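**Q** test case, fold it:
(3 chains)
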Amino acid sequence: MRPLAWVTLLGVAMVLVFLLSIRLGSVDLTTGEVFRAIRGEGDLNVRRIIVDLRAPRAVMAILVGGGLSLAGAVFQALLRNPLAEPYILGISGGAATGAVLALALGLTASLSWALPAAAFAGALLAIVLVLRVASTADGGVDVRVLLLAGVVVGAFFTACMSFVLSISDARTVRSTVLWMMGSLAGSDWRTVLMVTLYTLPAVVVLVGLARPLNLLAIGEETAGYLGANVERVKRVAYVLASLLTAAAVAATGVIGFVGLIVPHGVRLLVGADHRVLLPLSFLAGAVFLTLVDVVARTVLSPAEVPIGVITAFVGVPLFLLLLRHSLGGRPGTGS
Amino acid sequence: MSSESTESAGARGSAGPGSTERTESAALEATELTVHYPNAPEPALDSVTMVVPRGAFYAVLGPNGSGKSTLLRALLGMVSHVEGQAHVSGRPISNWDRRALAREAGVVTQSESLAFPITVRELVAMGRYPYLGALQSETPTDGEAISEAMRMCDIEPLAHRFLSTLSGGEIQRTRVARALAQEPNILVLDEPTASLDVRHEMEILELLRASADRGMTIFLITHHLDLAARFADRLLLLDRGRVAAEGDPREVLKEETLRRVYGWPISVSDDPATGVPHVTPLSTVSHPQRSAAEASE
Amino acid sequence: MRWSVNWFLVATLVGCDAIPGEQAPTGADDPEASRASYPLQLVDDAGARHTFEAAPGRMISLVPSATEALLAMALDDRLVGRTDYDRMPELADLPSVGGGLQPNLEILVSLDLDLVIRFAGGSDLATAQRLTELGIPHFAVQPDGIEDVLSIIRDLGRITGASDAAEALLSEIQIDLDDVARRVATLSNPRVAYLLGGDPPWVAGPGTYIDELIALAGGRNVFDDLGPLYAPVSMEALLDRDLDLILLSNGLPEPPPLAHVPSAVLPASVEIPGPGLGQAARDIARLIHPGAFDERSR
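**A** The predicted structure is shown next:
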């Protein structure tokens, strides 16, 4: 199928899934009630449910699902590694450490935004650390060092977090573990706005880097000879994809799998041209996470299954199917 | 774009053996070029001065580690810790915007590793990168350049095959096609025929020679002394980062020079089939059959 | 990452945990206003001021202690929802909002509530904020120690206009507590520890109602120097502190290294710090000083 057809298809799917996400939930509402609420009429509580609870959550699913998928695709190109995903460079470890410190020190009691802010700060710290280590003398970024530094920094932060947990009380432990599993439950319009401020510009710039990212796939040296400003592209791609991830993690915890399987799935369907791969990864990730969130909050209502569980349960079989289907057509990477 | 380059190529003419070109019309030029990495005991390049005349087929030879690849990178501005001057088409390399440079010079490096599956046409199409905007799609001009490049390298039938299914020779031809798709005035290649069999090697060299004859400047790093002598207009012999000899193949491929540089007994004679210098490394181990044959010559 | 704290333990703890050291002022207004009188001004355990114009008709309690208190005061008709932890038959037909922490907000909103009783402390500040944003009134309670529990009962009574029932309940509890204290007044103080489970085992420290009940029941909590309300301690510390009696949470087996120490399993009445405090005190005292409870006399 032509790329434009895919974009249209997924764009429409995203709108439909968004509407579905508003229509379904823990409380049974009729479509009529939902539409009335959107128009601002009808029962106050129904309006609250739709406008204050479901709608921001649906938007957040789009932003986070799309953002993580896009970041995953960019990291896979940057690190030239199909196993790369947004958390591979220590961002989730840093964010988790920030979060657990905020919880353990009781900061969340006085400041409601302490948790996301601390998580974001922790993520930023990891990003900066890894970038410092991987920066070369002439302002470039050594990608092999980046990967190694990221894994090591991530492990270090995870150890810090474990240590803090080991000396914390039960409440902190439970809160941290729940946060780590990821959840869209706390999404309100203010958080949505903050995430949008980080996501939208990053998406625009990263999609604009599609061509140089294509070139990176055949090697940095060749990319440079073909006219790409390789070092600048690497740095910008790393920073923006990391910020995208940090914003998502700070807002919703560590939602796993999306950033790994969505770009792969899209790549299996439309190939490795990033001009198509990047926008489609965003759209596909948005659709995927929104659907998963609907499942997570309705299947065992009133309880919510942690969203990371559903992304794995749904995503892995889907991905394996895709893989088997295309294994005949597309061979390995060769050398 | 294509018509412009043919015009200037015609105006340049080709450099015959022994001609001395002025600096202004040099395609690539190094002046006292030195590359010395911080922790290295010796410089990788030491005061190298050389000129590649426009339209010449210029081959660079030398033992392993003599600095051939470093010279290539330094000329094209891909190396740090550089002293001295490097010029491309008369302009210092530091003045070149990378995209403009990519339209001027196409480079085929020694090897590449592909991170993701890619088809032949997709790889060749990447040669049009210096001509296209951020999200711009291919124009018909680009399509023509790509097709022409694939035709020249005889890989059109492979256009939609995945690279991993191709032989070494086919992959190399694809990479050369990509460089040609850049419609460059200068083609730079680093040992493009290593690990290729005779036929594929000859095919590429003949393609390069034909391109040189049409006015393209060829800068070729190779290990094959004989083939360099046959196809190139000028040779550069490097020895541990220094210029050992530069000029006409006959002047460069002298026995004393080669023995000194390669540290091996070498004999040079005129090849009866081609008429160009033919290089024969001599054997230091005495082998009954061989010694008898040599003795009877 | 390996969690050695088991989930039942955490769930239990969550029902009675809070940030150590944060004791906001309780609704300590003058006792003369014990009659139902509106408008009612109260400060909750998170320091928020509340004004009640009338008794709330539709309530939910996210805090098991408070839920039990409301049931004990026969106010369960005011409850229109419950949590998954509320398994009392009277509430079985009510819709559940999930856990006490991070309840399902959609269901909460759909219940059209006049008041939500929630945990004070920062465990779930996000929920408190969302409730405020959604315009649903919420009252924070923190059932750490005995006094906390008693004041919760008092506050709930005043809020719901059932002060009489509250006072009656409080009197009952106080009678039980005083009786227990009287019986053990002259007895020795065995060295006791209360284990909640986990590996390394979690124990109760000062400030918890468990600790206070132990003291009331004539025992001595060997972990009266514990920092947080509940914390894990090493097996060595347990052995080192020379225990006379180990009290085990319901369903917990005695740890093998402590097999030489007499142990007793606490009945379920002790698990939740609510109106059953009096009975809980009795149960604990009976385990610590069996002899003092052979004859029953009030």
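
**Q** for chain A, name the helix or strand with the lowest mean pLDDT.
**A** In chain A, no helix or strand scores lower on mean pLDDT, DSSP states H and E than helix A:107-110, which sits at a mean of 69.

**Q** on the three-state scheme, the residue in the stretch 51-200 of chain B positioned nearest to chain A is what?
**A** Per C-beta to the nearest C-beta, residue B:164 is where the stretch 51-200 of chain B lies closest to chain A, at 2.5 Å. The way it works is simple: take the backbone N, C-alpha and C, and place the C-beta from them, glycine included. Using DSSP: H, G, I helix; E, B strand; the rest coil, the structure places residue B:164 in helix.

**Q** which stretches of chain A have low pLDDT?
**A** For chain A, the stretches flagged by pLDDT under 70 are A:1, A:109-112, A:326-335.

**Q** contact residues of it facing chain B?
**A** Selection of chain A residues close to chain B by C-beta under 8 Å from any C-beta of the partner chain yields A:77, A:80-82, A:137-138, A:207-211, A:214-219, A:221-222, A:224-229, A:267, A:271-273, A:275, A:330-335.

**Q** mind jotting down where the strands sit in chain C?
**A** Assigned by DSSP state E, the strands in chain C fall at C:40-43, C:49-52, C:59-61, C:115-119, C:138-141, C:191-197, C:202-204, C:220-221, C:230-232, C:245-248, C:263-265.

**Q** winner for burial among the ones you listed?
**A** strand C:59-61 (a mean of 29; mean count of other C-beta atoms under 10 Å in any protein chain shown).

**Q** is any part of that strand close to chain A?
**A** No. Strand C:59-61 stays clear of chain A (C-beta under 8 Å from any C-beta), getting no nearer than 12.1 Å.

**Q** how about the strands of chain C, which one is nearest chain B?
**A** Of these, the one closest to chain B (C-beta to the nearest C-beta) turns out to be strand C:230-232, at 47.4 Å.

**Q** list the strands paired with that closest one, with their directions.
**A** Partner strands for strand C:230-232, per DSSP bridges, with pairing direction: strand C:202-204 (antiparallel).

**Q** residues touching the spatially closest residue to residue A:58 that is not a sequence neighbour, list them.
**A** Leaving aside its sequence neighbours, residue A:58 sits nearest to residue A:21 (C-beta to C-beta, 6 or more residues apart in numbering or on different chains; 4.0 Å). Residue A:21 is in contact with A:54, A:57-58, A:61, A:290-291, A:293-294, counting by C-beta atoms under 8 Å, 6 or more residues apart in numbering or on different chains.

**Q** the closest residue to chain C within the stretch 201-335 of chain A and residue A:255, how far apart?
**A** Relative to chain C, the nearest point of the stretch 201-335 of chain A is residue A:302 (4.1 Å; C-beta to the nearest C-beta). Distance from residue A:302 to residue A:255, counting by C-beta to C-beta, to the nearest Å: 21 Å.

**Q** looking at these two, which is more packed in?
**A** residue A:255 (28 against 21; other C-beta atoms under 10 Å in any protein chain shown).

**Q** sticking with the more buried one, tell me its helix or strand.
**A** Using DSSP states H and E, residue A:255 falls within no helix or strand.

**Q** isn't it up against residue A:310?
**A** No. Applying C-beta atoms under 8 Å as the test, residue A:255 and residue A:310 come out as separate, 9.8 Å apart.

**Q** what does the pLDDT read for residue C:294?
**A** You'll see residue C:294 listed with a pLDDT of 67.
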